[in-house]
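*Asks:* here is the input, now give the coordinates:
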Amino acid sequence: MAITTHDTNTELQDRAILVSLVTDKIKRTGIDPELSLQELVQLAETAGVAVLDVLRQNKETPDSKWFIGKGKVEELRMAADGLGANTAIFDQELSGAQVRNLEEALDLKIIDRTQLILDIFAGRAKTREGIIQVELAQLSYLLPRLSGHGKNLSRLGGGIGTRGPGESKLETDRRHIRDRITELKRQLDEVVKTRELHRERRRKSGAVQVALVGYTNAGKSTLLKQLTDADVYIENQLFATLDPTSRVLALPGGKDVVLTDTVGFIQNLPHDLVASFRATLEEVNEANLVLHVVDASSPMREEQMEVVQSILQDLGAAGKPQITLFNKSDICDSGQLEMLPTGAGYLKISAFNPEDLTRVTELIEDELAGDTLTFRIPADRGDLSSLLYRVGEVLEQNVDENDVLYTVRLNKEDYLKWGYMVADFVDPQ
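*Replies:* Numbering: from 1, shown residues only. You can find the predicted model right below:
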């Protein structure tokens, strides 16, 4: 199926009114709707949208036809006419029927939070894997909503909601879309197999891996750049980095580890996006240590930390050794800093402070360090000697007749992973 894409540098900029419906169900979740709405403003601005106004409504349950109440629809129409808006962006997910009804009533492009996030990802994807993942997520999202997105995909010819797969037959030909989804899944399976081969190669080489995780715009890419001189895109935007980047980080003791930056998390991360990016996100499962980077200056800090932990739980990585780095301490006031947790496993830092960067590498080294063991390796087993140097920190080496005695500091996870290869050579003395 041929895919048509739009020129997103359209002169007709999306000018939007944001809409938030606060239901009883949302209130029970404990998430502050106002903070969620602030995040929607950031998402819209990241997508290049001019935000003209915000419209709120409290309602027990969503209206099945309009999502918001009929009176609020009229209020939205009048506000759009008065402000010259051409788009309405909803903070919650809409059904295809609701999109269609709202379009007909308002004569506006209707976008929901999920589609906005998918659109941003479409603009950020650069690698083959990332492009496949985003298109798969977009098509999976659009397939059950085709009847509700006719105008979105054709009437304005560009802007948010039209990046990625574009408009070609999406509103009419379900069979072609299903065929495309099947093909994308096949391509993604090939990429996943290649990624698994790379993981296996890293496992065999004994490479120690450290994963940076955190809420979007917490400063993970900046920290990667400052620690490793990585040439990565840095911008004060949500999802500035999409494709994972790995670089070698030298620790104070001389040992190298592989530091990997991962895609940022966000609350209500679209299910289709999580499913499509699972292979990428599961890089975290391969890590020996997880660095949870937190924007210490964010008023949503606690909620953002909970979102990250929830996603790590879903990925099966919640039990990984973890260090929490409260980043952006340089822009926090004294009250914010005093409220941050302290103690083992926590560190307040600024990614731009060299002393803080040194403290980070020292803490990584301490967390990765483990028990000290002595191995008696036959002198002709250079393969095992090399393995000890790769997976542990060799503190001392002495020759004893036909053997070499190695005193090695080795963390528990590495010993469990590689111990079967050297278990017979542990010296009880």
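*Asks:* I'd like the distance between Leu212 and Lys220.
*Replies:* Using C-beta to C-beta, to the nearest Å, one obtains 4 Å as the distance from Leu212 to Lys220. The way it works is simple: take the backbone N, C-alpha and C, and place the C-beta from them, glycine included.
*Asks:* more crowded one of those two?
*Replies:* For Leu212 versus Lys220, neighbours defined as other C-beta atoms under 10 Å are more numerous around Lys220 (29 against 26).
*Asks:* the more buried one and Phe265 touch, don't they?
*Replies:* No: at 10.3 Å, Lys220 does not count as touching Phe265 under the criterion of C-beta atoms under 8 Å.
*Asks:* need the overlap of contacts for those two.
*Replies:* Counting by C-beta atoms under 8 Å, 6 or more residues apart in numbering, the common neighbours of Lys220 and Phe265 are 213-214.
*Asks:* hang on, the earlier thing: shared neighbours of Leu212 and Lys220, which are they?
*Replies:* 261-262, 293.
*Asks:* which among those gets closest to Tyr346?
*Replies:* Nearest to Tyr346 among the shared contacts of Leu212 and Lys220, counting by C-beta to C-beta, is Val293 at 12.2 Å.
*Asks:* who touches the closest one in this structure?
*Replies:* Counting by C-beta under 8 Å, 6+ apart, Val293 makes contact with 212-214, 218-220, 223, 325, 327.
*Asks:* so what pLDDT did the nearest residue to it once chain neighbours are set aside get?
*Replies:* Nearest non-adjacent residue to Val293, counting by C-beta to C-beta, 6 or more residues apart in numbering: Gly214, 3.8 Å away. Gly214 carries a pLDDT value of 93.
*Asks:* so how far is Thr87 from Gly214?
*Replies:* 30 Å.
*Asks:* surely Lys65 touches Leu94?
*Replies:* No: judged on C-beta under 8 Å, Lys65 makes no contact with Leu94 at a distance of 11.3 Å.
*Asks:* and the two? Which one has more around it.
*Replies:* Shown here are Lys65 and Leu94; by other C-beta under 10 Å, Leu94 has more neighbours (23 against 16).
*Asks:* quick one on the thing from earlier: tell me which of the contacts of Val293 fall in strands.
*Replies:* Counting by DSSP state E, the part of those found in strands is 212-214, 325, 327.
*Asks:* show me where this protein has its strands.
*Replies:* 15-22, 50-58, 87-90, 109-112, 209-214, 245-250, 256-261, 289-295, 322-327, 346-348, 371-378, 393-400, 403-410.
*Asks:* can you add distance to Thr358 and give those back as JSON lines?
*Replies:* Shown next, in JSON lines, are these (distance: least, C-beta to C-beta, whole Å):
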{"stretch": "strand 15-22", "distance to Thr358": "43"}
{"stretch": "strand 50-58", "distance to Thr358": "41"}
{"stretch": "strand 87-90", "distance to Thr358": "43"}
{"stretch": "strand 109-112", "distance to Thr358": "45"}
{"stretch": "strand 209-214", "distance to Thr358": "16"}
{"stretch": "strand 245-250", "distance to Thr358": "12"}
{"stretch": "strand 256-261", "distance to Thr358": "15"}
{"stretch": "strand 289-295", "distance to Thr358": "15"}
{"stretch": "strand 322-327", "distance to Thr358": "13"}
{"stretch": "strand 346-348", "distance to Thr358": "11"}
{"stretch": "strand 371-378", "distance to Thr358": "24"}
{"stretch": "strand 393-400", "distance to Thr358": "18"}
{"stretch": "strand 403-410", "distance to Thr358": "20"}
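*Asks:* how many other residues sit next to the residue nearest to Asp53 when sequence neighbours are not counted?
*Replies:* Nearest residue to Asp53 in three dimensions, chain neighbours excluded: Ile17, at 4.8 Å (C-beta to C-beta, 6+ apart). Residues within reach of Ile17, counting by other C-beta under 10 Å, total 20.
*Asks:* surely Ile17 and Gly84 touch.
*Replies:* No: the criterion here is C-beta under 8 Å, and Ile17 misses it with Gly84 at 10.4 Å.
*Asks:* which one among the shared contacts of Leu212 and Lys220 gets closest to Asp424?
*Replies:* The closest of these, once distances to Asp424 are taken by C-beta to C-beta, is Thr262, at 37.2 Å.
*Asks:* show me what contacts the closest one?
*Replies:* Applying C-beta under 8 Å, 6+ apart to Thr262 gives the contacts 211-213, 220, 244, 280-281, 283-284.
*Asks:* pLDDT below threshold where in the stretch 151-300 of the chain?
*Replies:* Within the stretch 151-300 of the chain, the stretches with pLDDT under 70 are 151-173, 206, 230-243, 279-280.
*Asks:* same thing but at 50, please
*Replies:* Applying pLDDT under 50 to the stretch 151-300 of the chain flags residues 152-157, 170-171.
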